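Asker: when you get a sec, could you give me coordinates for this:
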Amino acid sequence: MASKKPENMSFEATIEELDNLVEQLESGDIALDEALKKFERGIALARSGQAKLDEAEQRVRILLNNSDDAPLAEFTAVPE
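Answerer: Numbers count the residues shown, from 1 in each chain. Modelled structure (predicted):
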């Protein structure tokens, strides 16, 4: 089964896969090449998860900073 691109995964799925990768890497039972592939995937997942958190934080700030009579601002995602 091919892995989903991190940017197409939910935040929860990203964290779950990242947690599984960390467990596998910490076990020390995998070959170096496989460990490097898993580490690379973990970095991609961590970056994607951070981007999702940053976007959520921006949305919350927009909602909290708007007063009742202020027009809503358009949400723009921060590029990775």
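
Asker: from here on, just use CA atoms for contacts and neighbour counts.
Answerer: Noted.

Asker: disregarding residues adjacent in the polypeptide, which is nearest to residue 55?
Answerer: Among residues not flanking residue 55 along the chain, residue 77 sits closest, at 6.0 Å (C-alpha to C-alpha, 6 or more residues apart in numbering).

Asker: any idea which helix or strand carries the one you found?
Answerer: For residue 77, there is no host helix or strand (DSSP states H and E).

Asker: need phi/psi at it.
Answerer: Per-residue torsions, residue 77: phi -70, psi 140 (degrees, to the nearest 10).

Asker: what about it, how many neighbours?
Answerer: Residue neighbour count, defined by other C-alpha atoms under 10 Å, stands at 13 for residue 77.

Asker: tell me how far it lies from residue 59.
Answerer: Relative to residue 59, residue 77 is positioned 9 Å away (C-alpha to C-alpha, to the nearest Å).

Asker: quick one: buried residues of the longest helix seen in the chain?
Answerer: The residue-count maximum for a helix in the chain (DSSP state H) belongs to helix 32-65. By neighbour count on 16 or more other C-alpha atoms under 10 Å, the buried set for helix 32-65 is 35, 38-39, 41-42, 44-46, 48-49, 51-52, 55, 58-59.

Asker: now that helix: average pLDDT?
Answerer: Helix 32-65 shows an average pLDDT of 93 in the prediction.

Asker: ok, and the closest non-adjacent residue to the residue nearest to the spatial centre of the chain?
Answerer: The centre of the chain sits closest to residue 49, judged by C-alpha atoms, centre = their mean, with a distance of 1.2 Å. Spatial nearest neighbour of residue 49, excluding adjacent residues (C-alpha to C-alpha, 6+ apart): residue 11 at 6.0 Å.
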